[in-house]
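# structure of the sequence below:
(chains A and B)
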2 protein chains.
Amino acid sequence: MIKSRVDLTAIQLEALKKLVDGRVSTNDSVLDQHGKDESAIPPVKPSAVVTVHDAQEISNVLKYCNQEGIPVVAFGAGSSLEGHVLPLFGGISLDVTEMNKIIEIRPDDLLVRVQPGVHRVELNEKLSAHGLFFSVDPGANATLGGMAATGAAGTTTVRYGSMRENVLALTAVLADGTIIKTGRETRKLSAGYDLTRLLVGSEGTLAIITELTLRVYGIPEKMAAAIVRFPNLADGVNAATAIVRSGIAIARCEFLDEKCIKNVNAHDGLNLQEKPTLFFEFHGSPQGVQEDAQSVKDIVGEFNGSDFEWTADESARRKLWQARHNAYWAGIAANPGMRAVSTDAAVPLSKLSTAVTCADQILSKSKFSYSILGHVADANFHCFILTDPNNPSELPEIRKLTHEITQQIIEMGGTCTGEHGIGSGKIEALIEETGAPAVEIMRQIKKTLDPNNILNPGKVLKI
Amino acid sequence: MIKSRVDLTAIQLEALKKLVDGRVSTNDSVLDQHGKDESAIPPVKPSAVVTVHDAQEISNVLKYCNQEGIPVVAFGAGSSLEGHVLPLFGGISLDVTEMNKIIEIRPDDLLVRVQPGVHRVELNEKLSAHGLFFSVDPGANATLGGMAATGAAGTTTVRYGSMRENVLALTAVLADGTIIKTGRETRKLSAGYDLTRLLVGSEGTLAIITELTLRVYGIPEKMAAAIVRFPNLADGVNAATAIVRSGIAIARCEFLDEKCIKNVNAHDGLNLQEKPTLFFEFHGSPQGVQEDAQSVKDIVGEFNGSDFEWTADESARRKLWQARHNAYWAGIAANPGMRAVSTDAAVPLSKLSTAVTCADQILSKSKFSYSILGHVADANFHCFILTDPNNPSELPEIRKLTHEITQQIIEMGGTCTGEHGIGSGKIEALIEETGAPAVEIMRQIKKTLDPNNILNPGKVLKI
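Numbering: from 1, shown residues only, chains lettered A, B, ... in the order given. Down below sits the predicted model:
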């Protein structure tokens, strides 16, 4: 059982090199690059980086690491916001970025098979030639393997679901090197326990994903976007939940507060009014899109929304959503040298306005700069809190604040994480919201599948 | 470990009576009623029927049964098509039908909390007063607990998903009596392993569900149905997959062959032409429904579909779908004294026509009467094969035929079960399609959660 940092011996490094044609690095800059992600959690270097090319190599590496008690953390884009790729107990960072092949695109089956190192944006570029797109869109240009491992979601989840709904099948390697296939290439499946959905969102603690079969969609005939401003945060949020309740099939519905708007204006050269704002996107037939937009316009009016600004122009639409995707980096760019902590609460629909207001009030009393944005149609929002990485005492202070918010969210029936995952920072919150008996079952499953705790130790659960 | 039939001793019956205020029956007709479902699998009586009223009682009963090695099979509506409720190893049938309370309807959160014994139709009657509906619709008036346990789906899955997408949270009791809560009341959740989706579809082998939080939808402003006939089976099926690929958001799309149509005509007093037929349903705004219907009409024309028969009349629409729901019983009613075996294959979209034709060819060479129907927009179809329960040699013959079909389906990348589950009849097929290593992981999870194998032994896996 891994309890403290593991550094590889020369013999272990040699043994690993033999398993992967020499693709093992202990170069300091390579270790650095694999020791951090987009979170504010301080970096931790792996002992070595092992670059793998296929499932069999991963199987051989895991078998060896399992025997030797070497921790293994998979690495893709490094875009996690919860420190998932940080090798908290040393060992190896298993780099899957060279497993970046789109294996097959099957338009007639509306599915695609990819290796885990394929990036979301590149996949969509290839799919567009077939009139298709992959819907899950967390903003960052993450790898599909990482997105599956963390159960990613994003701006389009309200319409198309998260990774849980869009991963049809997986190939994965267990801690002991066993290669398993889960799921089928079908839209419906009722054959045995749902191992696919057990692995999706397991944050690299149960298996390493080596191939994914994903559901894709035809690009809608028409896509259009709209922007609406609100006098205050509560009106904006309440408008979003009213739209969801109305049943209008919006494709995206995102809230950005005035500080977010200010940051994206600066970062993406836009000139939006600095007010609480909803960004919408509509997908469908030209007539359907028109009709949905009109219904949304009627509803936002009831919540003091103004200036329904409509764009059916493709490049303007893309620019708008690119700005939304850049909101995280725009916030950092506006504050050079700073890092950000992003909360990830989700609540029942009717509690969204109370939850956002509660978070706003708690943070407004603190010394930290923050902004609020989120996937409000799913009642999931992020507080983006700035921290100075050179002042390590700030992080525990911020954790105290976010924990205070989380406790209120849990009281409302909500969760500490709608899409970012538990990582290492929310292990206690998971127990608080789910209850010890269910977490104990998770722990038993972990012990059954990874008895030596080599897979991403220190994440999701305390073992 | 349970290896052979368990009959309760007088001491055990008395002990159980003390745990449930005397609600233990060994009355022969009660045992009979709990020993069969809608499948053709020969009945097996439980040793006793224990009626439970809450999670704590279930916990106490399971704790006792776990100590004593008594098998436990939950019983709701008994509408399984795969023998799920049959107590193959005796023991107790745990009747949850008196746990039939709708705990709360929360329109503002678009969710409802129910006990497991609530029936689907009754739930929808109550929800309609709030302008809401629960979408999963397997035809039978099943209980929600049973539907979750088997991961039910149905006619509306193409639009609204199956139980996997619509169960937000569960309370469940494990074999040792531990009560766990999984999931949250949120639309998105990324907190730890997805135990909700592990239990949904686990067919009563991992836990007994005692409460469900379900996602519900607003009743669409407009609902309309349409019927289209085709010269042959392949044209009808190909039209359905073309519609799915077009991205039209159909709410239902069901295929019935000429024999099915004949049966429902007789059973429900309809007068439909006896031809391969697609039933459609459209949900949305009046204009959106009109537009979707026009797009469908254009597509079916390309596949020789004729007589696009439109009904926006509410009672005619209901009558049509009632007939579709009754197709199973209509098939039995047309052949008094007979029982039916229903296959449940699902394939990748592009293989549907090949798969249906292949099943048709294999069955047409046999001596058995059959018809074909299905949720073709999900590439999931059923062969409804008649068998005489007084001729027990027929069942193995039919199993041989269905196994032949299943093997071809698996070759196509498909599954032996899109929505009915594994039960006791497809244990080998599960291994064939998923592979031994993944099934071994299922077995390990089963052993971890239910080490004495008291929960529905003989289903899903060989232990």
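
# residues contacting the residue nearest the centre of chain A?
By Cα atoms, centre = their mean, the mean C-alpha position of chain A lies nearest to A:A152, the distance being 3.8 Å. Counting by Cβ atoms under 8 Å, 6 or more residues apart in numbering or on different chains, A:A152 makes contact with A:136, A:138, A:142, A:146, A:162-163, A:419. Every residue, glycine included, has its C-beta placed from N, CA and C.

# domain map for chain A?
Listed domain ranges for chain A are A:10-98, A:102-218, A:222-329, A:340-426 (source: automatic domain parsing).

# one step back: in helices, which of the contacts of A:A152 fall?
With DSSP state H as the criterion, helices contain A:146, A:163 from among the contacts of A:A152.

# widest-spaced pair of the contacts of A:A152?
Spatially, the most separated pair among the contacts of A:A152 is A:G146 and A:S162, at 13.7 Å (Cβ to Cβ).

# those two: who's more crowded?
A:G146 (30 against 26; other Cβ atoms under 10 Å in any protein chain shown).

# and the gap between A:L8 and chain B?
Using Cβ to the nearest Cβ, to the nearest Å, A:L8 is found at 28 Å from chain B.

# isn't that residue up against A:P87?
No - counting by Cβ atoms under 8 Å, A:L8 stays clear of A:P87, with 11.4 Å between them.

# give me the pLDDT value at A:D292.
A:D292 carries a pLDDT value of 91.

# wait, is it part of a helix?
Yes - A:D292 sits within a helix when classified using DSSP: H, G, I helix; E, B strand; the rest coil.

# am I right that it is in contact with A:I250?
Yes - assessed by Cβ under 8 Å, A:D292 is found in contact with A:I250 at 6.8 Å.

# list residues touching both of the two?
Shared contacts of A:D292 and A:I250, counting by Cβ under 8 Å, 6+ apart, come down to A:F282.

# OK, contacts around A:K222?
Applying Cβ under 8 Å, 6+ apart, we find A:K222 in contact with A:282-286, A:288-289, A:312.

# bridging residues for it?
Counting by DSSP bridges, A:K222 is bridged to A:G284.

# mind checking how far it is from B:C383?
Distance, A:K222 to B:C383, by Cβ to Cβ, to the nearest Å: 40 Å.

# repeat for A:S246
41 Å.

# which of these two has more neighbours?
Neighbour count, other Cβ under 10 Å: between A:S246 and B:C383, B:C383 has more, with 26 against 15.

# measure the more buried one to B:L401 for me?
Distance, B:C383 to B:L401, by Cβ to Cβ: 9 Å.

# give me the common contacts of the two.
By Cβ under 8 Å, 6+ apart, B:C383 and B:L401 have these common neighbours: B:L363.

# in the stretch 151-300 of chain A, which spans are helices?
All helices of the stretch 151-300 of chain A, identified by DSSP state H, counting those that start in this stretch, fall at A:157-160, A:163-166, A:195-199, A:233-246, A:258-268, A:286-302.

# make a markdown table out of those helices and add distance to B:T26.
A markdown table is the format used below for these (distance: least, Cβ to Cβ, whole Å):
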| stretch | distance to B:T26 |
| --- | --- |
| helix A:157-160 | 51 |
| helix A:163-166 | 44 |
| helix A:195-199 | 39 |
| helix A:233-246 | 50 |
| helix A:258-268 | 67 |
| helix A:286-302 | 59 |
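
# so which of the ones you listed is nearest B:A40?
helix A:195-199 (29.6 Å).

# near chain B, anything from that closest one?
Yes - using Cβ under 8 Å from any Cβ of the partner chain, we find that helix A:195-199 touches chain B at A:195, A:197-198.

# which one of the residues you listed is nearest to chain B?
For those, the minimum distance to chain B (Cβ to the nearest Cβ) is 4.2 Å, reached by A:R197.

# got the contact list for that closest one?
By Cβ under 8 Å, 6+ apart, the contact list for A:R197 reads A:164, A:167, B:164, B:194, B:197-198.

# before we move on, what about A:G35?
A:G35 makes contacts with A:43-46, A:86-87, A:93, as judged by Cβ under 8 Å, 6+ apart.

# and it, what are its phi and psi?
Main-chain torsions, A:G35, degrees, to the nearest 10: phi -110, psi 10.

# check which residues of the helix or strand of chain A with the lowest mean pLDDT are buried.
Lowest by mean pLDDT, DSSP states H and E among the helices and strands of chain A is strand A:306-311, with a mean of 86. For strand A:306-311, the neighbour count (16 or more other Cβ atoms under 10 Å in any protein chain shown) marks A:308, A:311 as buried.

# who's in contact with it?
A:224-230, A:273, A:293, A:297, A:300, A:317, A:320.

# neighbours of the residue nearest to A:K101 when sequence neighbours are not counted, just the number please.
Among residues not flanking A:K101 along the chain, A:Q115 sits closest, at 4.7 Å (Cβ to Cβ, 6 or more residues apart in numbering or on different chains). Neighbour count of A:Q115, defined by other Cβ under 10 Å: 24.
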